[in-house]
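Participant: sequence? don't have it. structure:
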């Protein structure tokens, strides 16, 4: 049936959802209310990978008739709709005199830990005040699900993301006990969840203690790949007058932003017309033993080499506007290091049929295959990246072949959502039986 109907996403829907109904209960309705929780403000502009994943998944769930809401922190309390998705912005605060007194030392000593605890409490208050939620899904980043595992209903699905401690390690932050404590809270969030999913096999194996605890509870991690919808944006006019290579994401050490400019400056004289473009927000990084703007640091490196006009920073932009930069770039570069899950930007670049130059960090090699849809280099190795850039720039035939295969590599968003729905429906059925 799959072979005969591989051109119809709706056929996949009917087959897989029908099978889920047979497995669970043929009389049980599959309509559900899903709440996604994102620990960063949702404001309709360019977001990180977690928010992009949520908006893609939520849009698909809406297509199938489910109710979808998103909970995020905000500067003020408000409820509004974004493409049919209900967005709740809540102001985080400590509730109750005892709580404020108990947490006040954390506010002074560990301000980041304090913010995580207050967010977790605010999330719990919101969930308890809103009936009718069947499933809560949260990325494990910010311990959003910390206090939800003790609520009988709804079911809580934690989706593994690069943890805060892994983020700190990737960006080489100085040691801070606050980061260790936040990591412990995130691990508790995962262990207490009703179910756990991961976008990569790599990330599903990065927490052996957590995996052992989940195994003791009889919970295994479901690997459900990230995916993006095919772009419906028509080809836009290229406003950049020279060919450029593109990287998208926060400008930071963990994303390989500094290493990329160092590699680019080594090939810039060989390809004098080529530019390097960064699309993403600036961050404060610990560079040369002090906290400073990563973007400013990269600018100084390019200015010292006399190539400042060829290193371009666009900043944080809406996803629709981003499509033009994907379409018109020569190829895409993902120089991340450490525990990087496959970034949504890599999947977006593949969906535009772009060849990829990517590091072997984290789960990236699960989606980028060397000399098939891109080139894979050793993470943290500038020489290896320089070699990959030279090859991709000079070898047009190979780049063209990678572009053709990139289009074939795209993961179906429909199938990803169907796997997620299968997890949700099975989880709801098992809880109703219990």
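Facilitator: Perfect, thanks for sending it. Source: prediction; values computed, not measured.
Participant: grab the nearest non-local neighbour of the residue nearest the centre of the chain.
Facilitator: When CA atoms, centre = their mean is applied to the chain, the residue found nearest the centroid is residue 49 (2.6 Å). Nearest non-adjacent residue to residue 49, counting by CB to CB, 6 or more residues apart in numbering: residue 344, 4.1 Å away. No exception for glycine: its C-beta is placed from N, CA and C like everyone else's.
Participant: distance check, the one you found against residue 411.
Facilitator: Taking CB to CB, to the nearest Å as the measure, residue 344 falls 11 Å from residue 411.
Participant: please apply the same query to residue 196.
Facilitator: 20 Å.
Participant: so which of the two has more stuff around it?
Facilitator: residue 196 (24 against 17; other CB atoms under 10 Å).
Participant: name the SS class of that one, please.
Facilitator: Three-state assignment for residue 196 (DSSP: H, G, I helix; E, B strand; the rest coil): strand.
Participant: that one reaches residue 221, doesn't it?
Facilitator: Yes: using CB atoms under 8 Å, residue 196 is in contact with residue 221, at 4.8 Å.
Participant: ok so, going back, who touches both of residue 344 and residue 411?
Facilitator: Jointly contacting residue 344 and residue 411 under the rule CB atoms under 8 Å, 6 or more residues apart in numbering are residue 226.
Participant: for the chain, longest helix please?
Facilitator: Using DSSP state H, we find that the single longest helix of the chain is helix 413-433.
Participant: helices or strands up against that one?
Facilitator: When contacts are defined as 3 or more CB pairs under 8 Å, 6 or more residues apart in numbering; DSSP states H and E, helix 413-433 sits against helix 9-24, helix 49-63, strand 135-139, strand 155-159, strand 195-198.
Participant: so what secondary structure elements neighbour the fourth one?
Facilitator: Put plainly, it is strand 155-159. For strand 155-159, the elements it packs on are strand 135-139, strand 195-198, helix 413-433, judged by 3+ CB pairs under 8 Å, 6+ apart.
Participant: list the neighbouring strands of that strand plus their orientation.
Facilitator: Here strand 155-159 has these sheet partners by DSSP bridges: strand 135-139 (parallel), strand 195-198 (parallel).
Participant: dump those strands into TSV; add distance to residue 307 and mean pLDDT as well.
Facilitator: TSV is the format used below for the strands paired with strand 155-159 (distance: least, CB to CB, whole Å; pLDDT from 0 to 100):
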stretch	distance to residue 307	mean pLDDT
strand 135-139	37	91
strand 195-198	40	94
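Participant: in JSON lines: those, plus distance to residue 391.
Facilitator: Shown next, in JSON lines, are the strands paired with strand 155-159 (distance: least, CB to CB, whole Å):
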{"stretch": "strand 135-139", "distance to residue 391": "35"}
{"stretch": "strand 195-198", "distance to residue 391": "32"}
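Participant: most packed of those?
Facilitator: strand 135-139 (a mean of 26; mean count of other CB atoms under 10 Å).
Participant: relative to helix 413-433, how tilted is that one?
Facilitator: Interaxial angle of strand 135-139 relative to helix 413-433 (axes from the mean of the first three to the mean of the last three CA atoms, to 10 degrees): 130 degrees.
Participant: what's in contact with strand 135-139?
Facilitator: Outside of strand 135-139, the residues within contact range by CB under 8 Å, 6+ apart are 32-39, 50, 53, 127, 144-145, 148, 154-161, 189, 424, 427-428.
Participant: next: stretch 110-121.
Facilitator: 39, 73, 92-95, 99, 103, 106-107, 142-147, 177-179, 181-182, 185.
Participant: got the buried residues for that stretch?
Facilitator: 110, 113, 114, 115, 116, 117, 118, 119, 120, 121 (16 or more other CB atoms under 10 Å).
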